[in-house]
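Enquirer: Need a 3D model of the sequence below.
(chains A, B, C and D)
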Number of protein chains: 2
Amino acid sequence: MRRGNPAPTIRDVARHAKVGVGTVSRVLNDSPLVSDEARVRVRKTIDELGYRPSSTARRLSLGRTQMIGVVAPFFTTRSVVERLRGVVERLRDRGEYDLLLFDVETLDQRADAFEAFAARDRVDGLLIVSLRPSDEEVARMQREGLPVVLIDVTHRALPRVVIDDVLGGEIATDYLLAKGHRRIGFVGDAPTPFGFASSELRCHGMRAALRRAGIRPMAALQKRGPHGREEAIELARSLLAMDKPPSAIFAASDVQAMGVLQAAEELGVRVPEDLAVIGFDDVEEAAVLGLTTVRQPLRETGARGVELLLSAIEGREIAPVEELAPLAVVERRTA
Amino acid sequence: MRRGNPAPTIRDVARHAKVGVGTVSRVLNDSPLVSDEARVRVRKTIDELGYRPSSTARRLSLGRTQMIGVVAPFFTTRSVVERLRGVVERLRDRGEYDLLLFDVETLDQRADAFEAFAARDRVDGLLIVSLRPSDEEVARMQREGLPVVLIDVTHRALPRVVIDDVLGGEIATDYLLAKGHRRIGFVGDAPTPFGFASSELRCHGMRAALRRAGIRPMAALQKRGPHGREEAIELARSLLAMDKPPSAIFAASDVQAMGVLQAAEELGVRVPEDLAVIGFDDVEEAAVLGLTTVRQPLRETGARGVELLLSAIEGREIAPVEELAPLAVVERRTA
DNA sequence: CTCTCCTCTGGAACCGGTTCCAGTCTTCCA
DNA sequence: TGGAAGACTGGAACCGGTTCCAGAGGAGAG
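Expert: Below is the predicted model:
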């Protein structure tokens, strides 16, 4: 109605409705301890005044923020967005909690984010995606009593939703072996200061599978570089330029697999005839491109992370459990 | 330190440091009105007690939330994620404000989001991406005094960052005309209750360009359906199955262009020899696929939206200006 | 008719900050 | 030497909710 006027408060409502603030509060919170008569009068007054309770004041007196924070490198990896989607959807189903987003793309930002969030006051709980917190950071959050759940990353002291990356590497490799490939290349991430280890674990799984098939893994066939399509193109080029290039390439992520495909196209290498390519994640674009890949249920892991976090927040101090999400090869046209 | 203990408050700090709460508050806020001696004593006490100010209490007494809300259909369109990225980056540069995320995928959620946010109390400002608020919703927010900026959507009463969709359609079409195409098809969005009009405006631009070139636009060549790759495949199939199929297709978005490419591949139609395809947006995958497209600076529009919003929040009541982002064809391999 | 119990109520106290006001102590100038 | 201005301080009041406590009124039991 009238702009600039101070917004009506619960006391204004109480005065107009000729009741006490306690009664108004009880009406707002659907307490049964209010007579019907008082209830309708308060409701009417609320409408008339256009009163809206202040969530900040509510938070303060309740001592809860009704918000959960999500810290993740959202834009470096497509898969994080997909996980976020699961988080958002599940959180909405549950109602109640708002979502505070913290994007982390550099080391500085990482430190800032943990510093800022380790305050039990900003959020009621924290979801950390694809970023490994240091021991000190974990200790700090635990001191503060802040519930934390990890997704796609492991810390022995915290509950987490992850996949068995070694197994993932084995699955991909077994698939290629079953197709008759003996010379299998790998394109993955170089170690990063963030402590992203999944690429390495997948490579480890690949080597294990190769050995089991009686093939000696060759370091020369395993290429690593910064995560990204452009970088993967480069790595794939060097593999394809070898005297005896691999007949198949396992990429540690779909994004990197796309780089491999692009390199193959540039060099006139036919896929899958001359080169089989298998990725990892099954992001949305994989379907468009017809990329054969190892599917991990990205959205579901996000949703599951939210569930774990909410139960941690709502009292049940959960053990630092590890939940493993299922993996499977999705066969399409590239392998 | 000690878990479970009530967190120290500003009064605890004051007591231990033997000063008044006012002085502690002044130290926290870097006020010059504190003697160095008091300052160091307070600082020391803060460290000793492990005191952290409550942002909720601060918000309450300041009457500001230091948060901005972003409402958008994040997961229906790839381009929204890219815009969000611009928002996040610019917001981080500015410091100060946290980001509260509201995803809207259905009509109900849409209503909820506006209902929940139109409270001046939850956020200091609102960024609405690709969703047209109704007149009542706009009126309500203005009554509440909530600063709002729109991105990728227009409302005459609100400041906004948009592109000239009609011009975009013309640019795409002129490009195809210059390549000698005379029979140009269109794949776009069916009208939605959300009031997404950009697809239609782009089509309008296409028709204008055709007419200018002396070609009569044919309704039969313009196909519309729900937004999405799968749906676009269907639309493209029907175009390609015509007696005289178009030699080029303008898709209203890159996602739809991908559907067109997929349909072409299925039907053995060579691109660009038999069919030229041009998309719109220039999302990241466009580069992978070699899709020729009309680039709109997605990330920049997000960033610009943040700037407008922050200046609106910080007093300068900005006029409901319209900012137009630049457009250009990115030539790749599909047209 | 009295006593108890139950329902409903008003309002003070509290959550943890910020801000304003009144007051003290210096310093400096006339 | 008096007075004003300036630097710094403590603490009450405030932000707008929730909760607890004491108390009023009515119903039912003995």
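Enquirer: Strands of chain A, residue ranges please.
Expert: Taking DSSP state E to define them, one finds strands in chain A at A:67-72, A:98-103, A:125-129, A:148-151, A:160-162, A:184-189, A:222-225, A:248-251, A:276-281, A:292-295, A:322-324, A:328-330.
Enquirer: Can you list the strands that the fifth one pairs with?
Expert: Spelled out, it's strand A:160-162. strand A:148-151 (parallel), strand A:322-324 (parallel) (DSSP bridges).
Enquirer: Then the second one?
Expert: According to DSSP bridges, the neighbouring strands of strand A:98-103, each with its direction, are strand A:67-72 (parallel), strand B:98-103 (antiparallel).
Enquirer: residue ranges for the helices of the stretch 51-200 of chain A, please.
Expert: A:55-62, A:78-94, A:107-117, A:135-144, A:165-178, A:198-212 (DSSP state H, counting those that start in this stretch).
Enquirer: would JSON lines of the strands of chain A with mean pLDDT and distance to residue B:141 be doable?
Expert: For glycine as for every other residue, the C-beta is placed from the backbone atoms N, C-alpha and C. Converted to JSON lines, the strands of chain A look like this (pLDDT from 0 to 100; distance: least, Cβ to Cβ, whole Å):
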{"stretch": "strand A:67-72", "mean pLDDT": "93", "distance to residue B:141": "21"}
{"stretch": "strand A:98-103", "mean pLDDT": "92", "distance to residue B:141": "18"}
{"stretch": "strand A:125-129", "mean pLDDT": "94", "distance to residue B:141": "30"}
{"stretch": "strand A:148-151", "mean pLDDT": "95", "distance to residue B:141": "34"}
{"stretch": "strand A:160-162", "mean pLDDT": "95", "distance to residue B:141": "38"}
{"stretch": "strand A:184-189", "mean pLDDT": "96", "distance to residue B:141": "45"}
{"stretch": "strand A:222-225", "mean pLDDT": "96", "distance to residue B:141": "48"}
{"stretch": "strand A:248-251", "mean pLDDT": "98", "distance to residue B:141": "47"}
{"stretch": "strand A:276-281", "mean pLDDT": "97", "distance to residue B:141": "39"}
{"stretch": "strand A:292-295", "mean pLDDT": "97", "distance to residue B:141": "42"}
{"stretch": "strand A:322-324", "mean pLDDT": "90", "distance to residue B:141": "41"}
{"stretch": "strand A:328-330", "mean pLDDT": "96", "distance to residue B:141": "44"}
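Enquirer: Among those strands, pick out the one with the most neighbours on average.
Expert: strand A:248-251 (a mean of 30; mean count of other Cβ atoms under 10 Å in any protein chain shown).
Enquirer: wait, does that one contact chain B?
Expert: No - figure legend: strand A:248-251 not in contact with chain B (Cβ under 8 Å from any Cβ of the partner chain); closest approach 13.1 Å.
Enquirer: who's in contact with residue A:101?
Expert: Applying Cβ atoms under 8 Å, 6 or more residues apart in numbering or on different chains, we find residue A:101 in contact with A:69, A:70, A:74, B:88, B:99, B:100, B:101.
Enquirer: Apart from its chain neighbours, what residue comes closest to the fifth one?
Expert: Excluding the flanking residues, the one nearest residue B:99 by Cβ to Cβ, 6 or more residues apart in numbering or on different chains is residue A:101, at 4.8 Å.
Enquirer: Report how many residues lie close to the one residue in the stretch 101-250 of chain A that gets nearest to DNA strand D.
Expert: DNA strand D sits closest to residue A:121 of the stretch 101-250 of chain A, with a gap of 14.0 Å, by Cβ to the nearest atom of the strand. By other Cβ atoms under 10 Å in any protein chain shown, the residues close to residue A:121 number 21.
Enquirer: near DNA strand D, which residues of the stretch 1-150 of chain A show up?
Expert: Neighbours of DNA strand D within the stretch 1-150 of chain A, by Cβ under 7 Å from any atom of the strand: A:6-7, A:9-11, A:21-22, A:25-26, A:28-29, A:51-54, A:56-58, A:60-62.
Enquirer: Drop the exposed ones from these and show what's left.
Expert: A:7, A:9-10, A:25-26, A:28, A:51, A:53-54, A:56-58, A:60 (16 or more other Cβ atoms under 10 Å in any protein chain shown).
Enquirer: any low-confidence regions in the stretch 201-335 of chain A?
Expert: A:315-318 (pLDDT under 70).
Enquirer: got the contact list for residue A:304?
Expert: A:86, A:161, A:323, A:325.
Enquirer: on that earlier part again, want to throw the buried ones among the residues of the stretch 1-150 of chain A next to DNA strand D into a markdown table with pLDDT?
Expert: Shown next, in a markdown table, are these (pLDDT from 0 to 100):
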| residue | pLDDT |
| --- | --- |
| A:7 | 86 |
| A:9 | 94 |
| A:10 | 95 |
| A:25 | 95 |
| A:26 | 94 |
| A:28 | 94 |
| A:51 | 91 |
| A:53 | 92 |
| A:54 | 92 |
| A:56 | 92 |
| A:57 | 94 |
| A:58 | 94 |
| A:60 | 93 |
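Enquirer: How far does stretch A:258-277 sit from its chain's centre?
Expert: In this view, stretch A:258-277 has its centroid 30 Å away from the chain centroid, taken as Cα atoms, centre = their mean, to the nearest Å.
Enquirer: Next, the distance between the ends of it.
Expert: Criterion Cα to Cα, to the nearest Å; first-to-last residue distance in stretch A:258-277 is 9 Å.
Enquirer: Thank you kindly, that will do.
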